[in-house]
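Participant: Have a look at this fold, sequence not included:
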């Protein structure tokens, strides 16, 4: 499993793109998707909601368990991926592409996020 080097990663297994016009995209990593198993339900924050770095902002339910989704940054949700709500399996099949979860407008630079190599070392990959 390889983690795209252009992303940054949280220790809660979310990834974050660099901001474009102040907006970053959030998803979960392939490592997390594999650990969850088949994702069957996705609950995302609502557009307009404020999410706080390190705090739960949604849930992912799989055939194995229910896991919290944590915000890797603080900001306002500006878009959610309706495709993963309709087809949760995208989180497993395309965690870094079509399986993205939401977009957030951040006021500050993300803090304690890992590079791809640091995340690989963290997960033992």
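Facilitator: Okay, I see it. Just so it is clear, the structure is predicted and the values come from calculations on it, not from any experiment. Residues are numbered from 1 along each chain as shown.
Participant: pLDDT at residue 124, what is it?
Facilitator: Residue 124 carries a pLDDT score of 89 in this model.
Participant: For residue 31, see how far away it is.
Facilitator: 9 Å (CB to CB, to the nearest Å). Placement of C-beta: from N, CA and C, glycine included.
Participant: These two: which has the busier surroundings?
Facilitator: residue 31 (19 against 6; other CB atoms under 10 Å).
Participant: just the strands in this structure please.
Facilitator: Using DSSP state E, the strands found in the chain span residues 8-9, 14-16, 23-28, 39-43, 50-51, 56-62, 66-70, 75-80, 102-106.
Participant: okay if I get the ones you listed as CSV plus distance to residue 2, mean pLDDT and mean neighbour count?
Facilitator: Listed next are the strands of the chain as CSV, based on distance: least, CB to CB, whole Å; pLDDT from 0 to 100; neighbours: other CB atoms under 10 Å:
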stretch, distance to residue 2, mean pLDDT, mean neighbour count
strand 8-9, 12, 96, 24
strand 14-16, 13, 96, 23
strand 23-28, 15, 97, 23
strand 39-43, 20, 97, 17
strand 50-51, 27, 96, 18
strand 56-62, 22, 96, 18
strand 66-70, 22, 95, 17
strand 75-80, 27, 97, 18
strand 102-106, 24, 96, 21
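Participant: Nearest to residue 93 among these would be which one?
Facilitator: strand 39-43 (9.6 Å; CB to CB).
Participant: The closest one versus strand 23-28: what angle between them?
Facilitator: Relative orientation of strand 39-43 with respect to strand 23-28: 140 degrees, computed using axes from the mean of the first three to the mean of the last three CA atoms, to 10 degrees.
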